[in-house]
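Asks: I'd like to go over a predicted model; first the sequence, then the structure.
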Amino acid sequence: MVSQSALGRVAVAAQEDAAAAAPRTKLAVKNLTISYGKALALKDVSLEIREHEIFGIIGPANAGKTSFLKAVNRMDMFTTGMRVAGEIHFNGLDTRHLKNVYALRSRIGVVFPLPVGLPMTVYDNVALSPRLRGIKEKAELDVIVQRCLTRAALWDEVKDRLNALGSLLSGGQQQRLTIARALSQEPDLLMLDEFSIAVDPVTTMRIEDVLKELRKEVTIILVTNLVQQARRLADRTAFFLNSECVEIGVTEDLFTGPVKDRRTRDYVEGRFG
């Protein structure tokens, strides 16, 4: 006969195993409110983003999507009139009270809508962050540059012109260069804001394939106006509308399953936006 104490130990072990298997929270946001002067960008948003997931954020223009990313990365410091209230915890740390903001940003890579190639060579674009971390040996930098360009699906196209200016690459190549540069930070979190807005469809699909692979290594927040892109990539998706987070759910459920708010289905099916 099994003792009660033995059963208790089994139950505890099962709970510990379940906890270990559960996805770890990478980013937790609570009651986030963002304003620009009297204009409200986001109101009382609370959500959690899990480790190694692609988390989509969809919604029409001026719904607060980009403001959300700015708040996560403390970019409000550089945005006149932007005010942020609420809690943002990244890897368990309250980012709004961190004194070393630069250390925070070193763990969060950001890719903006339009590719911004730094006025330097392809090689130096990717090697900049490692150098700032104190890596000086060329052999080590060579490995990092090749690895990041490969992960961004760009190495084969630029390996023979690493000393050319990054600004001379095509628009799609420059966008992938910004991804490689973000990856050179070795981030825990990669945030992409409308990455495909200036990229052709073929390059967009290549970058999407890259993101599917990267989810094994980093957590990704994907802000997009293209609802089908969110459907292809995101594990879960949040729908922002009129400064509010209307709904969060498994992405496919927002398209085919029951939704909590009819506006969600109306948006993903293109009835407004």
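Replies: All right, it came through fine.
Asks: doesn't Val111 make contact with Glu194?
Replies: No - counting by C-beta atoms under 8 Å, Glu194 stays clear of Val111, with 9.2 Å between them. Where you see a C-beta, it was placed from the backbone N, CA and C, and this is true even at glycine.
Asks: so how many other residues sit close to Gly249?
Replies: 17 (other C-beta atoms under 10 Å).
Asks: Let's verify it: helix, strand, or coil?
Replies: At Gly249 the chain is in strand, as set by DSSP: H, G, I helix; E, B strand; the rest coil.
Asks: For the stretch 1-150 of the chain, which segments count as helices?
Replies: Per DSSP state H, counting those that start in this stretch, the stretch 1-150 of the chain carries helices over the ranges 4-21, 65-72, 101-106, 122-132, 138-151.
Asks: looking at the ones you listed, which one has the lowest mean pLDDT?
Replies: With a mean of 45, helix 4-21 has the lowest mean pLDDT of the helices of the stretch 1-150 of the chain.
Asks: Looking at Glu194 and Val111, which one has more neighbours?
Replies: Set Glu194 next to Val111 and count neighbours by other C-beta under 10 Å: Val111 wins out with 23 against 19.
Asks: if I pick that one, what's in contact with it?
Replies: By C-beta atoms under 8 Å, 6 or more residues apart in numbering, the contact set of Val111 is 175, 178-179, 182, 190-193, 195.
Asks: Wait, Leu241 touches Asn62, no?
Replies: No - using C-beta under 8 Å, Leu241 makes no contact with Asn62, being 10.0 Å away.
Asks: With neighbour numbers in mind, choose between those two.
Replies: Leu241 (21 against 14).
Asks: Return the backbone torsion pair for the more buried one.
Replies: Main-chain torsions, Leu241, degrees, to the nearest 10: phi -150, psi 130.
Asks: shaky segments in the stretch 101-250 of the chain?
Replies: In the predicted model of the stretch 101-250 of the chain, residues 117 satisfy pLDDT under 70.
Asks: what are the ranges of the strands in it?
Replies: Assigned by DSSP state E, counting those that start in this stretch, the stretch 101-250 of the chain shows strands spanning 108-111, 189-193, 219-223, 236-241, 244-250.
Asks: could you check the angle strand 236-241 makes with the last one?
Replies: For the pair strand 244-250 and strand 236-241, the angle between their directions (axes from the mean of the first three to the mean of the last three C-alpha atoms, to 10 degrees) equals 160 degrees.
Asks: quick revisit: what about the contacts of Val111, which one has the most neighbours?
Replies: Most surrounded of the contacts of Val111: other C-beta under 10 Å gives Gln175, at 29 neighbours.
Asks: on that earlier part again, closest to Pro119 among the contacts of Val111?
Replies: Relative to Pro119, the closest of those is Thr178; by C-beta to C-beta it sits at 13.8 Å.
Asks: what sits against the closest one?
Replies: Here Thr178 is in contact with 111-112, 115-117 (C-beta under 8 Å, 6+ apart).
Asks: how about a cut-off of 6 Å?
Replies: 111, 115 (C-beta atoms under 6 Å, 6 or more residues apart in numbering).
Asks: Can you tell me how far it is from Asp209?
Replies: According to C-beta to C-beta, to the nearest Å, Thr178 stands 17 Å off from Asp209.
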